[in-house]
Each structure stands twice: as structure tokens, then as C-alpha cells.
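Enquirer: please work out how this folds:
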Amino acid sequence: MAGPSGEPPQSVAAGMAGLITDAALARDGRLDGSILGRLFDAMPIRVTAADAEGRFVYANRVALDMFNLRLEDIVGRTVREVLGEEMHRRTAPLLPQLAKGAPIQWTDWVTYGNGARRYVEQLYSPCFNPDGQLIGFIAFIRDLTDLREREEALEARLAALNVAETINTAIIKTSIDPIMVVDEAGMLVDLNPAAMATFGYSRAQAVGKPIGELIVPPALRAAHASGMARYTATGISRVLDRRLTMEAQRADGSLIPIELTISEIKLPERRVFTAHLRDLTEAREAERQLERQRERLHQAEKLSAMGSLLAGVAHELNNPLAILVAQSTLLMETANDPGQKRRAERIHAAADRAGRIVKSFLAMARQRPETRERAQINDLVRSTGEMLAYGLRSHDVTLELDLDPDLPEITADRDFIGQVIANLIVNAQHALIDLDPPRRVSILTRRKNGHVRLVVSDNGPGVPEAIAGRIFEPYFTTKPAGVGTGIGLSICKSIVESHGGTITLGRSEAGGAAFTVLLPISEAATAPAEEQAPDEAAGLAVLVVDDEADVRAGLAEMLELFGHRVLPAQTAREALEDGAVLEADLVFVDLRMPGIDGLRFRDQAIAKNPRLADRVIIMTGDAVEGPGAIQRHAGEEVMVMEKPFTLADVRRILATFA
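Expert: Okay, here's the model as predicted:
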């Protein structure tokens, strides 16, 4: 057992055991007041002695004070009786070993009989008589509880620090944001994997290098060096613990936007600076995309508002246009005087042109899924040209058409392909605005290798080669701010490609831009059969219901021209109440009417006369909202005739029921 000046050798312990034997055992433990007793009592460790049977014969003052006992309280009593069961279990097996003459030493936590739990270091030394017989043993006990508790607390703190360091290291290594550590001299001390990936440096390439040379752009390096020097000299910083946004340089020299926060860490030997960075490239791109989407939404809202306005205007125009077309058609059919016939033809042509322009505007404003039908692209070019004629003339732009008369049909969405043609013409017009006359836009159509080729060109400045490759990118525009959105050509490309075609940019013979569109020829591209009038010259009783009297009268005359009988009912109420629907073989009814609209009239008419289930034709001048309303109410089986309608339109409808 270690004494006040260290662990005594076994010879010292044996000598002290001899003294105990002579003094304590021979005198029944009476050492009080003796020199030997004062010596043991002055020792800071506990000293006890026991006979060969394990009964106490002595304990010094330190041992007695621990248990608040007197010497007479322990003499003659066993270890179990004085120190408790646990100490008995520990010491009982030691007696046979001590009898062999070898001292025993151990260190451990023990719990005494009074409940005290202590960490002790104990040395047991045997005591022999002159004949070599074991007469007892002496125990030197040092209480190391305080020391052990401090050691365990330190171990726990070190373990916690190791765990914290491991966690912090894991956090830094797995952070998705770059983290870099720089010393007072501006040298990079460490960086995490995210920083290596973001800036393109390996650890070997970066650690030990000036941070200014690694990620600070050349234009900012002087300010960076000045700031580091100022802080080192004065302790004043403009950037510590602040969130900053700036540009950083990657290993390849490219610049990226970053968000940066720098914090100071004071270590025992020095201080370092930890920089937490965030690459804002994706965030900036997301912001740009969001702004583009906002602009696109704004444009869509404008188009939607335009569509609603056009719907109202078209509805107001289509009724008088229907009257003009119908009356001029009838006049052409019935006029005997050639001069009168020519005047009727001119009126009819003007009215028909106005109707096509209105329909073209509505087709562009209408929001609906794509449809596919056989179409003649020359017709789409002419109708689009008529629609844009005023704008072209007002800008002194001549539209030149070179259309192949034998061009085969394509299968297409008429409205969407018309939108492509309109976009190309308007773009060409814009390219010519700042040029001196003559200003020309040319449209050519030809057949080419199973495709119909459409070329829209101008005599403007053309598209510079530097940007020609981006001309079809969404939101890319060469027009001034406020003039264009940059989505026109992108939409054209999407529409053409959805039709199985291509659109490319080239240069015209006059030096301007030339856009070439190739669309596949329809597989069923055969000449349409000539429409025939119904086989029967007469025979159908037809009911015409429209709140516009002139529209109703014009359609009635056309029907009579084809030999059908028009029932006399004038209004929806008359038709339902006077029994006209019971007599009718066919019904034409306007969609929008006061009191009862065409769809509800249809429902009531069919309820009264089931023969009319598929014989009610809805007439409408509302080509924007009308088709949707009809689809939602009655589905696709309803036949629709748009206003203004011509004699050919009426003949086509009648042919269905002949």
C-alpha cells in the first residue's frame, strides 16, 4: 500500500507488521499513547491489523474516524461485523494466500457496511511468529475516492469532447454548403468536401494557399487584403458575422454568385476564421425562371383579357356580318342583272373577308387543346395575311405571296398553324420598321420530299450569326424592352414540332431573315369531294330560332332556296308553346338569346319531340366561350354552325340530313 511518500517496499511492510505483532497483539491492541500509536495515528492512510482468524486487533485513528468507532468497538470483531458483507467476501479468500507469505495488493471500488462507497488501494502483509506460523496480517488502506472521481469526471469530459468533435467533424464533412477555415495570415487551413466540389480544388491544391488567390476574384483581391490587414491591426471588421452576397472565383476562372458569413474562432495559440458559403447559382436561376413565369403569366392574362374582349366584339360583329353574307349570297343567286350580280359579289367578298378576319382573331385568342384536320396551308396564309393586312399597310410593308396552287393538304390544327404564320409575319414586320422603303415580306409555299414547305422572308437586316443559334430559345428576344416577350418563336417551334415538322432560320436573297417551315403532307391528301346539295329538293320542315330578326330571315331564305319549308315561329317561346317543335324535322337555334339560351331550348325541344335528338344545330357568333359552353352542356354530339355563315356552310349542314 502506498504511504505518505509513496508505496513502501515489502520489507518495510514486514517490519511494521513485526512491530504490530509485538506491540498490538501481545498487549491486546493497547497502543494508545505509545510512540508507535502516535506514529500510526499521524499517518494519512488507514492502518488495521487482524489475527490469523481475521479478527481486528488494531486500527489507527484515520480508520476509526471513517466509521466513527473506538478501538474497543472493533478489537476481537471480524471484518464482516465491522466492515460489512462485501469486504468479508473480498478478504476471506486472501487468508490462505497470506499464509504462504506473499503480500497482496488490490485497488477497486468497495461498499462498506455503513453504505459508504469508496475507491481504495489496499496492501495486505502477513505477520509470522519466530516459528514461521501466521499470526495475523496488517492492512495499509489509502482512500483514492476523490482522485478517482476527478479522473472519471475528466474521462467523461474528454469522451464528451471526443463525441462533440466527432459530431462537428461529421457535420462539417457532410454539409451541403462549402465551409473554409483561414488563419490570420489569410492562408487556407482546411475545407470541407462541399467546398472542394463547388470551387474545383482538391485538398492538396488548396490547403496552405492564400484564400485571396483561391476564390477571391482579381477585382476584389485588393479590398480583401486591405480588410484583413485592417482587422489584424485594429480589430475592426466590416464583414465578421454579417451575411454578404458577392461573386467568387472557381478553379477554372469562372465566377459564381455566393452568400458568405465569416466568423472568428479564438484558439489557445491563435485565432482562425471560418467562412460558411452558399452557391447561389441555382437560386439565381430559379429566381430568373420565376420572373420569366411571372412575365409569361402576365402575357397569358393579357391574352385572356384580349380573348374576352374579342369574344364580345366578335359576337356583336358576327350577327350583322351574318346578315351581310346571307343577303349578298341570296342576291348573287337571284340577281338577273349582271351589274347587280357583280355588286352583290363585291359585297359578299367584303363581308366574307371581314368574317374570316374576325374568326382568325378569335382562333388566336381561343385557349383549347390541339385538334387535327385536313388543311390547305395556302388558305391559312391568305386568311392570316388578310387579318394582318391593315398593320402591314400602315407600316408601309408589302406582303408578297408566291403560293403553289397544286399544293397538297396537311393534317394540322388550323388555328395553331395560323398562329405560327402570323408570328413569322409580325416578326418580319418588326424587323423592317426602322428601315427605309421598300419594305417587303415574302411568303412562298412549295412541295418538297413529302412535305409542304413554307418560307417567310423579308428584306431586313437579318439575324446576326452570334445570336442565330439562340433565336428559338424561350424568352430570348432581340426586340427592345416592352416590345416582345421572347416566347413567340419558341412557341412556333413547339407547335411545328408537335405537327411532326421543323422550323429553321436562314438568310433571304435580299439579305434578311428567312424562316423555313416543313410540315408533312397528309396521308389522306386527296382533293375533297365536291359538296352536293341534298338529294331531295324539298321536304324538311325547318325551325329557325334567333333573337336577331335579320339573321333569322336570311337563313330562312337560304333554306327556302334549297327547297325546304321554314316554320313560322319567330321566338323560342312561340316555338315551344305553339307546337312548332312537334312539327319540325330540323332546328337551327342561336346559342345566346334573352330569356332562354339555345342549349336549354334544345333540351326542351328534344323533350317534346325526341326525333330532334340529333337534329338541333346550335348557331353562335361567340367562337371563344361558345364551344366550351356547348361542350360542357351537351358533349361532342352537338352540331355547331359558326356565324357569319355562307350558303356553302348551310348546304354542308343540310347534306348531313338529306
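
Enquirer: and the helix or strand containing residue 87, what other elements does it pack with?
Expert: Here residue 87 is covered by helix 85-91, with elements defined by DSSP states H and E. With contacts defined as 3 or more CB pairs under 8 Å, 6 or more residues apart in numbering; DSSP states H and E, helix 85-91 has these neighbours: helix 79-83, strand 104-111. C-beta: built from backbone N, CA, C; applies to glycine.

Enquirer: just the buried residues of the very next helix or strand once past that helix, please?
Expert: Going down the chain from helix 85-91, the next helix or strand is helix 94-99, by DSSP H and E. Under the neighbour-count criterion of 16 or more other CB atoms under 10 Å, helix 94-99 has 94-95, 98 buried.

Enquirer: residue 374 is nearest to which of the helices and strands packed on helix 85-91?
Expert: strand 104-111 (98.8 Å; CB to CB).

Enquirer: okay, the very next helix or strand once past the closest one in PDB with CA atoms only?
Expert: Counting by DSSP H and E, the next helix or strand C-terminal to strand 104-111 is strand 117-128. Listed next in PDB are the C-alpha coordinates belonging to strand 117-128 (Å, rounded to 0.1, in the frame of the first residue of the first chain):
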ATOM      1  CA  ARG A 117     -18.800   3.600  -1.300                       C
ATOM      2  CA  ARG A 118     -15.100   4.400  -1.700                       C
ATOM      3  CA  TYR A 119     -12.400   3.800  -4.100                       C
ATOM      4  CA  VAL A 120      -9.400   2.300  -2.200                       C
ATOM      5  CA  GLU A 121      -5.900   1.000  -2.700                       C
ATOM      6  CA  GLN A 122      -5.100  -1.800  -0.200                       C
ATOM      7  CA  LEU A 123      -1.900  -3.700   0.700                       C
ATOM      8  CA  TYR A 124      -2.100  -6.800   3.000                       C
ATOM      9  CA  SER A 125       1.100  -8.000   4.500                       C
ATOM     10  CA  PRO A 126       1.300 -11.300   6.600                       C
ATOM     11  CA  CYS A 127       2.700 -11.400  10.100                       C
ATOM     12  CA  PHE A 128       4.600 -14.600  11.300                       C
END
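
Enquirer: strand 117-128: what's the following helix or strand?
Expert: With DSSP H and E, the next secondary element past strand 117-128 is strand 134-143.

Enquirer: list the buried residues in that next one.
Expert: 134, 136-143.

Enquirer: could you do stretch 556-575 as well?
Expert: When burial is assessed from 16+ other CB under 10 Å, stretch 556-575 yields the following buried residues: 556-559, 561-562, 564-567, 569-572, 575.

Enquirer: by pLDDT, give me the weakest of those.
Expert: Going through the buried residues of stretch 556-575 one by one, the lowest pLDDT turns up at residue 570, 74.

Enquirer: so where's the stretch 51-200 of the chain shaky on pLDDT?
Expert: Low-confidence segments of the stretch 51-200 of the chain (pLDDT under 70): 158-173.

Enquirer: can you tell me which of the buried residues of helix 94-99 lies closest to residue 599?
Expert: Checking the buried residues of helix 94-99 against residue 599 with CB to CB, the nearest one is residue 94 at 109.9 Å.

Enquirer: quick one: contacts for that closest one?
Expert: Contact analysis of residue 94 by CB atoms under 8 Å, 6 or more residues apart in numbering lists 104, 124.

Enquirer: my guess is residue 276 meets residue 177, correct?
Expert: Yes - Residue 276 lies in contact with residue 177 (CB atoms under 8 Å); the separation is 6.2 Å.

Enquirer: now the buried residues of helix 94-99 in TSV, with distance to residue 291?
Expert: Listed next are the buried residues of helix 94-99 as TSV, based on distance: CB to CB, whole Å:
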residue	distance to residue 291
94	87
95	92
98	92
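
Enquirer: out of those residues, which is nearest to residue 422?
Expert: Out of those, the member with the shortest distance to residue 422 (by CB to CB) is residue 94, at 109.3 Å.

Enquirer: could you pull out the strands for the stretch 151-300 of the chain?
Expert: 179-183, 188-191, 244-249, 255-266, 271-279 (DSSP state E, counting those that start in this stretch).

Enquirer: of all these, which lies closest to residue 222?
Expert: Closest among these, once you apply CB to CB, is strand 244-249, at 14.3 Å.

Enquirer: ranges for the helices of the stretch 201-350 of the chain?
Expert: 203-206, 211-214, 221-234, 281-334, 338-365 (DSSP state H, counting those that start in this stretch).

Enquirer: give me the mean pLDDT for the last one.
Expert: Averaged across helix 338-365, pLDDT comes to 72.

Enquirer: cool, the third one as well?
Expert: Predicted confidence along helix 221-234 averages 82 (mean pLDDT).

Enquirer: buried ones in that helix?
Expert: 224, 227-228, 231.

Enquirer: with the second one instead?
Expert: With burial defined by 16+ other CB under 10 Å, the residues of helix 211-214 counted as buried are 211-212, 214.

Enquirer: and it, how far from the chain's centre?
Expert: With CA atoms, centre = their mean, to the nearest Å as the basis, helix 211-214 stands 33 Å off its chain's centre.

Enquirer: just the helices and strands packed on helix 85-91: most buried one?
Expert: Ranked by mean neighbour count, those are led by helix 79-83 with a mean of 19 (mean count of other CB atoms under 10 Å).

Enquirer: which other helices and strands does it contact?
Expert: Using 3+ CB pairs under 8 Å, 6+ apart: helix 79-83 touches helix 85-91.

Enquirer: just the CA coordinates of the helix it packs on, formatted as CSV?
Expert: C-alpha atoms of helix 85-91 as CSV (Å, rounded to 0.1, in the frame of the first residue of the first chain):
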residue,chain,number,x,y,z
GLU,A,85,-20.5,-8.3,3.8
GLU,A,86,-18.7,-7.1,0.7
MET,A,87,-15.4,-6.6,2.5
HIS,A,88,-15.8,-10.0,4.0
ARG,A,89,-16.2,-11.6,0.6
ARG,A,90,-13.1,-9.7,-0.6
THR,A,91,-10.8,-10.5,2.3
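
Enquirer: in that helix, what's buried?
Expert: For helix 85-91, the neighbour count (16+ other CB under 10 Å) marks 87-88, 91 as buried.

Enquirer: tabulate these (TSV), appending distance to residue 149.
Expert: Output for the buried residues of helix 85-91, formatted as TSV (distance: CB to CB, whole Å):
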residue	distance to residue 149
87	20
88	25
91	24
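
Enquirer: quick one, phi/psi of the nearest residue to residue 195 once chain neighbours are set aside?
Expert: Using CB to CB, 6 or more residues apart in numbering and skipping the chain neighbours, the partner closest in space to residue 195 is residue 178 (3.5 Å). For residue 178, the backbone dihedrals are phi -70, psi 140 (criterion: degrees, to the nearest 10).

Enquirer: can I get the helices and strands packed on helix 85-91 in TSV with distance to residue 546?
Expert: Output for these, formatted as TSV (distance: least, CB to CB, whole Å):
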stretch	distance to residue 546
helix 79-83	119
strand 104-111	108
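
Enquirer: to residue 127, which of the ones you listed lies closest?
Expert: Here strand 104-111 is closest among those (CB to CB), at 13.4 Å.
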